[in-house]
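with the input below, show me the fold.
(chains A, B and C)
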Amino acid sequence: MTDDPRLLRYEVEELFFAYVECLDEGEVERWPDFFTDDCLYKIISRENFERGLPLGAMLCEGKGGLKDRVVSVTTTSVYHDRALRHLLSNIRVKGVANGVIDVQANYAVLETLTNEFTTVFNAGKYLDKLVREGDGLKFKEKLCVFDSVMVPTSLIFPI
Amino acid sequence: MTDDPRLLRYEVEELFFAYVECLDEGEVERWPDFFTDDCLYKIISRENFERGLPLGAMLCEGKGGLKDRVVSVTTTSVYHDRALRHLLSNIRVKGVANGVIDVQANYAVLETLTNEFTTVFNAGKYLDKLVREGDGLKFKEKLCVFDSVMVPTSLIFPI
Amino acid sequence: MTDDPRLLRYEVEELFFAYVECLDEGEVERWPDFFTDDCLYKIISRENFERGLPLGAMLCEGKGGLKDRVVSVTTTSVYHDRALRHLLSNIRVKGVANGVIDVQANYAVLETLTNEFTTVFNAGKYLDKLVREGDGLKFKEKLCVFDSVMVPTSLIFPI
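Sure, this is the predicted structure:
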């Protein structure tokens, strides 16, 4: 584990950017590779998160859970053709303890449907726990807390 | 004062990210801590700024002025429940002279009202002057030049 | 050419931020200075790009082509008064070979028309090739792949 906070933030940013590129390019099959085997992935509304209510819009436990989600995403045929585009900001290392790196970041996902203009699909913050595995960083936990209380019906893909 | 431009930009980014997190988390009571005692905080439209017209949508002089704003914000009850989410980009150190660091950055504030989807609330640029105080950086001047000529009626919180 | 990936990304970011600032400030006359003499600049829809169709929404070959575009932009009087604001994210150095640096980044351009609120004008990704010229980096190729299949009629300025 590096002791240089600048180097650590650089590494974290590179992981986040690769993660986002995977999703924006529609290569969802590679998505589980960014996680540890015992990971937790959850998308939850700000309201439920702040009230301590557990119900999320998406929940995947373990890399197997992520792979199940990939199967359901890639075999579902009822979604519109659309492009997703992530903008990340404010990527901050909040702390490092026992080999776990706490990271918080703001995200916005822009959506462009065929024959329509671009809108903000979903925005919020990531509250993530990263660990070093092999020669890189992986998500042990990724919590996407979105600002709306409404869940878009098209929230099928991970964000 | 560091002579390494990369280190300086890193420090500036860390300040901006902490600033934004304070506002996005709704912890406006901590907002004045990011400023010097003799600070100037102003939100102004692009049109007025470019014409040299002084009228701004919000003006706070000195840390006392910021604290007054905090009181008025936290005791006002007529605003909607909403989430704000800042995206920053293009954080650039434009120059350093006499201990004052000139910084310019692009910002967008996304807004999510209860039961509505996310929209762009306000966008523009920060034109800031930073100084070193103690072991960190503080805003001596923060000028938020927003792109619209319209002032949203809900512009109550600092941005 | 630096071998330090962190330094290289810092240099690339500084180039991108200066480029964006030039456009956001409306200083389009300086825009060709960011390119090499033999550059290629193209704005193309995601659909055409992915299908290998060559037709773009804007194409400039060589610095002369860029300067022609500047003339047409600055002498056209049929566009609205508006502010453009770029948000960049995920700036990634994808590879370096034979002195050419491959860079990919996400962009969103926000637009604010007079008396209207801010909307997302265009979003997509940059697929760029950079080379070192003199003591700085320049764009040898800049490909703007936007997410919509619709071309906004107001796509007059470079993005």
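
the helix or strand of chain A with the lowest mean pLDDT and chain B in contact?
Lowest by mean pLDDT, DSSP states H and E among the helices and strands of chain A is helix A:46-51, with a mean of 91. Yes. Interface with chain B: helix A:46-51 contributes A:Arg46 (CB under 8 Å from any CB of the partner chain). C-beta here means a position set from N, CA and C on the backbone, and glycine is covered the same way.

just the buried residues of that helix, please?
By neighbour count on 16 or more other CB atoms under 10 Å in any protein chain shown, the buried set for helix A:46-51 is A:Arg46, A:Glu47, A:Phe49.

after that helix comes which helix or strand?
strand A:58-61 (DSSP states H and E).

and the residue lying closest to A:Arg6 once chain neighbours are set aside, backbone torsions?
In space, A:Arg6 comes closest to B:Tyr10 once its chain neighbours are excluded; the distance is 5.3 Å by CB to CB, 6 or more residues apart in numbering or on different chains. With angles defined as degrees, to the nearest 10, B:Tyr10 sits at phi -60, psi -50.

how far away is the residue of chain A found nearest chain B from C:Ala97?
Nearest residue of chain A to chain B: A:Asp147, at 3.7 Å (CB to the nearest CB). Separation of A:Asp147 from C:Ala97 (CB to CB, to the nearest Å) stands at 42 Å.

of those two, which one has the most company?
Under the criterion of other CB atoms under 10 Å in any protein chain shown, the comparison of A:Asp147 against C:Ala97 puts A:Asp147 first, with 25 against 7.

ok, the more buried one touching B:His86?
No. Taking CB atoms under 8 Å as the definition, A:Asp147 is not a contact partner of B:His86, at 11.6 Å.

shared neighbours, the two?
Common neighbours of A:Asp147 and B:His86 (criterion: CB atoms under 8 Å, 6 or more residues apart in numbering or on different chains): B:Leu110.

now do the same contact list for the nearest residue to A:His86 once chain neighbours are set aside.
Take A:His86 and drop its neighbours on the chain: the residue closest to it by CB to CB, 6+ apart is A:Val20, 4.1 Å away. By CB under 8 Å, 6+ apart, the contact list for A:Val20 reads A:His86, A:Leu88, C:Ser89, C:Asn90, C:Asn106.

number of residues surrounding the last one?
Yep, that's C:Asn106 we're talking about. C:Asn106 has 24 nearby residues by other CB under 10 Å.

tell me the helices and strands packed up against the least confident helix or strand of chain A.
Helices and strands touching helix A:46-51, by 3 or more CB pairs under 8 Å, 6 or more residues apart in numbering or on different chains; DSSP states H and E, are strand A:136-146.

strands paired with the strand it packs on, and their directions?
strand A:35-45 (parallel), strand A:119-133 (antiparallel) (DSSP bridges).

that older thread, what's the separation between the residue of chain A closest to chain B and C:Leu87?
According to CB to CB, A:Asp147 stands 17 Å off from C:Leu87.
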